[in-house]
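Enquirer: Kindly return the folded structure for what I paste below:
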Amino acid sequence: MSYQQHINAGLDRAHAAAPVLPIEIGDLRVAILSDLHRGAGDDADDFRACRDTLAAALERYGRTRHILALLGDAEDLWECRPAEVIAEYRASILLEKAFHDQGRYWRFLGNHDEAWQVPELTRQYLEPILGRVMPLESLRLQVTERGHVLGEIYLVHGHQGALWEDRLAWFSRRILHYVWRPIQRLAKLTTTTPATDWRLGRKHERAMYNWAVQQPGTIVIAAHTHHPAFPSPERSVLLAATYDELRHQPEAFDPEVIERMETDLAFTRAQEQPCYINTGCCSFSDGSCTAIEIAADHIQLVRWHVVGRRAQREVLAACSLKQMLREVSPLGQPAAPG
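Expert: Residues are numbered from 1 along each chain as shown. Down below sits the predicted model:
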């Protein structure tokens, strides 16, 4: 099977098994964050710099009564034992409890925290902090307006079907825990920055888009690659302007940066439907976090970052959700070029 076929099979399986939740667009208010990778607080922990930024984001989402959706890899259980993570980040996880207590909390499984699908582990480590938790693999939001179905938002971490992250996850966990983590601690290296193996990340995103475009009336919101993606014209224009600026600065010319920008721009222009969105991550090395926010007919990509000593929120791209759903209605558009 090809890479695309493996991704298709993984996503087909998860989609078929996903619960369907009908929700009126006027009642839709959700903040989607992912890939915190909470670790043990040591030099191998990618979340340390983002702890306060995320706390500020959750404080706002609590006040604005958003549903909090953690779209996988909240904890890094490939590199760390659950007890280590809980000991370091109990207070951080406790910030999620208010959402859970008010019925505004969706927690998803990623490849790095799929261990939470074992009931004994969630009972031992998560439930004493949050209460009863049942992590989802995926969820299908059936968006309606006065009873009329507008379309579907499919929430999934996005590792399904990938070789190391899904099919050989048992082996990957052992390599990371027993081999890579000690190297990280000694060399103070990180593994979950968005730039790590960006070519494989973009290949994966093309495969995700190609699957999404074959699901009529569906917008896929995924994570996993740590690369924020939002299919708005404004985002495409900004990307093109940034690329043009870099290309005309020979003193700062970096061939790999240019190659990555060209790849991103080509992929953005090839998307004929706005059917694939990526949350980015909450483990950027500069302490910033990205998220997708939906409030009724408004959907946007935002970035939380520290300015001075305060976390601020910046809107990177925005669009009408109803317009997006209209554009992904059954039109039989072709897949993006590979």
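
Enquirer: can you pull the pLDDT of the most centrally placed residue in the chain?
Expert: Centroid-nearest residue in the chain: A223, 2.5 Å away (criterion: CA atoms, centre = their mean). Per-residue pLDDT puts A223 at 97.

Enquirer: quick one: contacts for it?
Expert: A223 makes contact with 34-35, 71-73, 110, 157-158, 278-281, according to CB atoms under 8 Å, 6 or more residues apart in numbering. Placement of C-beta: from N, CA and C, glycine included.

Enquirer: Same check on G26?
Expert: G26 touches 145, 296, counting by CB under 8 Å, 6+ apart.

Enquirer: Bridging across strands, which residues link to the spatially closest residue to L321 that is not a sequence neighbour?
Expert: Nearest non-adjacent residue to L321, counting by CB to CB, 6 or more residues apart in numbering: I299, 4.5 Å away. With DSSP bridges applied, I299 shows beta-bridge pairing to I294, C319.

Enquirer: show me what contacts I299?
Expert: Applying CB under 8 Å, 6+ apart, the residues contacting I299 are 277, 292-293, 318-321, 324.

Enquirer: let's see it at 7 Å
Expert: Residues near I299 by CB atoms under 7 Å, 6 or more residues apart in numbering: 292, 319, 321, 324.

Enquirer: now swap in E205 and tell me
Expert: 225, 227, 229, 278.

Enquirer: let's see 8 Å
Expert: Contact partners of E205, counting by CB under 8 Å, 6+ apart, are 225, 227, 229, 267, 276, 278.

Enquirer: Same question for F230.
Expert: Contact analysis of F230 by CB under 8 Å, 6+ apart lists 277-278, 292, 300-301, 316-317, 319.

Enquirer: for these, which one is nearest R123?
Expert: Nearest to R123 out of the contacts of F230 is I292 (CB to CB; 30.3 Å).

Enquirer: Could you measure from that closest one over to Y89?
Expert: 23 Å (CB to CB, to the nearest Å).

Enquirer: If you count surrounding residues, which of those two has more?
Expert: I292 (27 against 23; other CB atoms under 10 Å).

Enquirer: Is the nearest residue to that one once chain neighbours are set aside part of a helix or strand, or is it coil?
Expert: Excluding the flanking residues, the one nearest I292 by CB to CB, 6+ apart is I32, at 4.3 Å. Secondary structure assignment for I32 (DSSP: H, G, I helix; E, B strand; the rest coil): strand.

Enquirer: quick revisit: which one among the contacts of E205 sits at the bottom for pLDDT?
Expert: Among the contacts of E205, F267 has the lowest pLDDT, at 79.

Enquirer: With that, I have no additional questions.
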